[in-house]
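Novice: Need coordinates for the below:
(one chain, ligands or ions: 1)
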Amino acid sequence: MKFIHDENFAKKAKALQKPLKHETRHPKSIVRIERDETAFQSLRAVKVKDLAFPLTLYSGQSVVLDFGDHCVGYLHYALNHLPLHITDSPVSLEFTFGEFPYEIIKSPEEYIGELGNGWLQNETRNIVFTPYTGALERRYSFRYLKIERIDTAKFPILVADLYADCTSAVRLSDARKFDIPDATLEKIYDMSVKTLKECEQDVFEDGPKRDRRLWIGDLRLQALTDNVTFRNEDLVKRCIYLFSAYRSDTRFVAQCVFPDSSPYVYEWLFFDYSLFYISCVYDFVTEYDDLSFVKETYPMALEQAERVWVVFINQREELNASFIDWCKGLDKSVAMLGVFIYTMKQLVSLAKKIGEEYEFLEKRIEKVSETLLSHFFSEKGLFVTENGQISWHSQIWAVLANVLPKEKNVGILEKMKNSDLEFYPHTPYMMHYYLEALYSCGLKDEAIREIKSYWGKFVDYNFDCCPEIFNSSDHFESPYGAPEINSACHAWSCTPAYWIYRYYHE
Ligand code: RAM
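Specialist: Numbering: from 1, shown residues only. Down below sits the predicted model:
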């Protein structure tokens with residue numbers, strides 16, 4: 001596959017790479033996974049006893065360990081034999097890691113998801129001699145670990161020690177702390193910060209379990225939240241440089257970048273994700289006031305707007321090739337016009353900062369806004385797509401485009417909420433933009449109520465982190481046709497920390 005590789009930007013990204021921080025974490029207890037209708041996915045990890053090494057395992061036996069909190073790291077373990085039972089044939093152990101209990105009990109053989117089953121977190125090891133000390137090479141993302149002895153030898157084996165060497169670019173204690181007078185909001189804040197920390201690795205990963213790579217839509221939200229928590233300026237810059245370094249040959253910024261291995265970009269593209277390159281630069285300079293960075297990246301930011309403009313003029317219907325949300329059947333056309341206007345306004349602001357021409361961009365904003373209003377704003381007071389679809393997504397992005405007076409925008413959000421619309425946000429990612437729409441209309445208290453009602457459920461279910469997808473009426477919803485492949489710690493859901501910070505500081 002062809003892509004444009006900018007060596008200069010790649011070098012800059014490399015220069016900002018830093019060693020990760022390590023923390024050793026031991027499992028806390030042995031648990032049993034039980035059915036419980038009141039728990040998330042009707043499964044609960046119930047403590048059996050505190051964990052003490054050594055653990056004895058006979059052939060056919062298994063044990064589920066609970067690390068007490070979400071971990072991202074490498075498993076180390078030591079095995080031994082009893083003095084009178086030497087290891088006279090290899091021992092086979094099967095390790096199954098789970099962020100949620102469901103991954104522990106779901107058999108990998110039953111997997112029917114669309115993504116490769118390699119993302120399932122299990123691995124078998126054969127150990128020929130004991131005493132043995134070793135580690136699994138792959139990094140895992142988990143709270144629970146099942147170890148099953150699958151060889152048939154009669155002698156027992158001792159797990160003498162076992163721990164996770166956890167990694168992250170930051171420590172939880174590095175995050176800004178401030179008084180949050182509401183207990184639920186405080187828990188949501190802490191959970192959001194923990195989520196971001198787990199995803200903050202060599203790059204901002206979308207999820208440490210899967211896909212473990214830098215996605216631009218996710219980066220935007222991670223960077224916003226990082227600005228008010230860890231303030232890892234160099235990592236944000238490194239990630240923007242990485243996107244600048246690898247573009248598709250159609251000149252669109254890559255949707256995602258693999259930090260460690262080539263090829264670095266995919267062929268397919270989401271128009272909204274490419275435009276969020278502009279937002280990443282805009283947010284960065286708003287926070288860190290680095291004008292030389294704007295000068296370096298502006299040509300590429302402009303290029304994204306130019307490329308999407310050509311599509312808008314020639315084949316507007318193609319704009320549906322965008323991400324927007326994991327919502328089946330969603331017509332993305334109106335939302336996409338909103339994203340275009342929203343990011344072009346940010347581009348104008350960047351152009352003004354560095355003395356670039358911007359009048360032509362303002363004319364384009366006028367043209368797209370006019371299309372949005374004259375073609376899609378119905379007399380019902382809501383935005384309707386050409387095929388008659390009325391979604392939350394269209395309303396939210398039209399409000400964010402800010403093409404109507406504030407009272408009208410407020411009215412749209414109210415009407416949207418009170419109508420029973422079939423197409424609504426399915427991810428915390430899309431919920432973020434709903435919160436932004438509320439904030440932009442001055443409805444901060446309403447935004448906080450939404451955070452408490454949506455993310456508050458994660459607190460009620462005792463999640464450690466915020467997940468990739470959440471539907472309170474279907475705990476098994478999965479964009480990939482298999483909930484065991486969903487990610488329970490996903491960066492795009494960490495933004496309540498950003499909103500809560502703003503709520504108490506503005
Ligand atoms: C999934 C990941 C990622 C997201 C893309 C569009 O693969 O969840 O976070 O940005 O989809």
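Novice: Could you use CA atoms for every contact and neighbour count after this?
Specialist: Fine.
Novice: in the stretch 251-400 of the chain, what residue is nearest the ligand?
Specialist: Closest approach between the stretch 251-400 of the chain and the ligand, counting by C-alpha to the nearest ligand atom: residue 323, at 6.2 Å.
Novice: what about the nearest residue to that residue once chain neighbours are set aside, neighbour count?
Specialist: Once flanking residues are discounted, residue 323 sits nearest to residue 270: 5.6 Å by C-alpha to C-alpha, 6 or more residues apart in numbering. Residue 270 has 18 neighbours, counted by other C-alpha atoms under 10 Å.
Novice: Quick check: residues of the protein near the ligand?
Specialist: Selection of the chain residues close to the ligand by C-alpha under 6 Å from any ligand atom yields 206, 215, 217-218.
Novice: Might you report the residue contacts of the residue of the stretch 151-300 of the chain found nearest the ligand?
Specialist: Closest approach between the stretch 151-300 of the chain and the ligand, counting by C-alpha to the nearest ligand atom: residue 206, at 4.7 Å. The contact partners of residue 206, by C-alpha atoms under 8 Å, 6 or more residues apart in numbering, come to 199, 212-215, 218-219, 490-492.
Novice: now residue 397
Specialist: 334-339, 433, 437.
Novice: now do residue 28
Specialist: Residue 28 makes contacts with 50-51, 65-68, as judged by C-alpha under 8 Å, 6+ apart.
Novice: Highest neighbour count among the contacts of residue 206?
Specialist: Counting neighbours by other C-alpha under 10 Å, residue 491 leads these with 33 neighbours.
Novice: Okay, now the unreliable bits of the stretch 251-400 of the chain?
Specialist: Across the stretch 251-400 of the chain, the ranges flagged by pLDDT under 70 are 259-267.
Novice: Revised request: answer the last question for the chain.
Specialist: Checking the chain against pLDDT under 70 turns up 1, 259-267.
Novice: All the strands of it, residue numbers only.
Specialist: Counting by DSSP state E, the chain has strands at residues 3-5, 21-25, 29-35, 43-50, 55-57, 62-80, 91-98, 122-127, 132-135, 140-149, 157-168, 214-215, 246-248, 256-257.
Novice: Would you mind telling me which of those strands is nearest residue 230?
Specialist: Nearest to residue 230, of all the strands of the chain, is strand 157-168, at 11.8 Å by C-alpha to C-alpha.
Novice: how about the residue of the chain most remote from its centre, phi and psi?
Specialist: Centroid-distance maximum for the chain: residue 84 at 50.3 Å, with C-alpha atoms, centre = their mean. Dihedral pair for residue 84: phi -90, psi 0, per degrees, to the nearest 10.
Novice: Burial check on the residue of the stretch 251-400 of the chain closest to the ligand, number of neighbours?
Specialist: 17.
Novice: check contacts around it.
Specialist: Listed by C-alpha under 8 Å, 6+ apart, the contact set of residue 323 reads 270-273.
Novice: Residue 3 versus that one, what's the distance?
Specialist: 21 Å (C-alpha to C-alpha, to the nearest Å).
Novice: cool, residue 427 as well?
Specialist: Residue 427 sits 30 Å away from residue 3, taking C-alpha to C-alpha as the criterion.
Novice: now residue 21
Specialist: 33 Å.
Novice: got it, and residue 223?
Specialist: Counting by C-alpha to C-alpha, the gap from residue 223 to residue 3 is 25 Å.
Novice: Of those two, which one has the most company?
Specialist: Shown here are residue 223 and residue 3; by other C-alpha under 10 Å, residue 223 has more neighbours (27 against 20).
Novice: quick one: contacts for that one?
Specialist: 236, 280, 284.
Novice: Give me the phi and psi for the residue of the stretch 251-400 of the chain closest to the ligand.
Specialist: phi -90, psi -60.
Novice: again, but for residue 404
Specialist: Main-chain torsions, residue 404, degrees, to the nearest 10: phi -120, psi 160.
Novice: So which bits of the longest helix along the chain are buried?
Specialist: For the chain, the longest helix by residue count, based on DSSP state H, is helix 291-314. Of all the residues in helix 291-314, those buried under the rule 16 or more other C-alpha atoms under 10 Å are 294-295, 297-298, 300-305, 307-309, 312.
Novice: And stretch 4-21, by the same measure?
Specialist: Buried, per 16+ other C-alpha under 10 Å, within stretch 4-21: 4-5, 9-10, 13, 16.
Novice: Could you work out the most separated pair of these?
Specialist: Going by C-alpha to C-alpha, the pair spanning the buried residues of stretch 4-21 furthest: 4 and 16, at 21.1 Å.
Novice: can you tell me which residues contact the closest residue to the ligand within the stretch 1-150 of the chain?
Specialist: Residue of the stretch 1-150 of the chain nearest the ligand, by C-alpha to the nearest ligand atom: residue 115 (9.3 Å). Neighbouring residues of residue 115 by C-alpha under 8 Å, 6+ apart: 480, 485.
Novice: separation between it and residue 470?
Specialist: The value you get for residue 115 to residue 470, if C-alpha to C-alpha is used, is 19 Å.
Novice: With adjacent residues omitted, what lies nearest to residue 141?
Specialist: residue 72 (4.5 Å).
Novice: just residue 447 next, same as before
Specialist: Counting by C-alpha to C-alpha, 6+ apart, residue 435 is the residue found nearest to residue 447 once chain neighbours are left out, at 5.3 Å.
Novice: same thing with residue 68?
Specialist: Closest to residue 68 by C-alpha to C-alpha, 6+ apart is residue 28, at 5.9 Å.
Novice: from the contacts of residue 223, which single one is nearest residue 55?
Specialist: Looking across the contacts of residue 223 and measuring by C-alpha to C-alpha, the closest to residue 55 is residue 236, at 43.0 Å.
Novice: Now do the end-to-end distance for stretch 174-194.
Specialist: With C-alpha to C-alpha, one end of stretch 174-194 sits 11 Å from the other.
Novice: List the buried residues for it?
Specialist: Those would be 175, 184-194, for stretch 174-194 by 16+ other C-alpha under 10 Å.
Novice: May I ask which two of those residues are separated the most?
Specialist: Most distant of the buried residues of stretch 174-194, by C-alpha to C-alpha, are 175 and 184, 18.7 Å apart.
Novice: on that earlier part again, would you mind giving the contacts of residue 397 as JSON lines with neighbour count added?
Specialist: Below are the contacts of residue 397 laid out as JSON lines (neighbours: other C-alpha atoms under 10 Å):
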{"residue": "334", "neighbour count": "29"}
{"residue": "335", "neighbour count": "29"}
{"residue": "336", "neighbour count": "24"}
{"residue": "337", "neighbour count": "25"}
{"residue": "338", "neighbour count": "27"}
{"residue": "339", "neighbour count": "24"}
{"residue": "433", "neighbour count": "19"}
{"residue": "437", "neighbour count": "25"}
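Novice: just curious, which of those residues is nearest to residue 128?
Specialist: residue 433 (53.7 Å).
Novice: Contact partners for the closest one?
Specialist: 396-397.
Novice: Look up how far residue 476 lies from the closest residue to residue 494 other than its chain neighbours.
Specialist: Closest residue to residue 494 apart from its sequence neighbours, by C-alpha to C-alpha, 6+ apart: residue 192 at 4.3 Å. Going from residue 192 to residue 476 by C-alpha to C-alpha gives 22 Å.
Novice: Same question for residue 198.
Specialist: On the measure of C-alpha to C-alpha, residue 198 and residue 476 end up 23 Å apart.
Novice: Likewise for residue 270?
Specialist: Applying C-alpha to C-alpha to residue 270 and residue 476 gives a distance of 26 Å.
Novice: Likewise for residue 404?
Specialist: Look at residue 404 and residue 476: by C-alpha to C-alpha, they are 38 Å apart.
Novice: Okay, helices next: where are they in the stretch 351-500 of the chain?
Specialist: Assigned by DSSP state H, counting those that start in this stretch, the helices in the stretch 351-500 of the chain fall at 359-376, 392-401, 406-418, 428-440, 444-460, 496-505.
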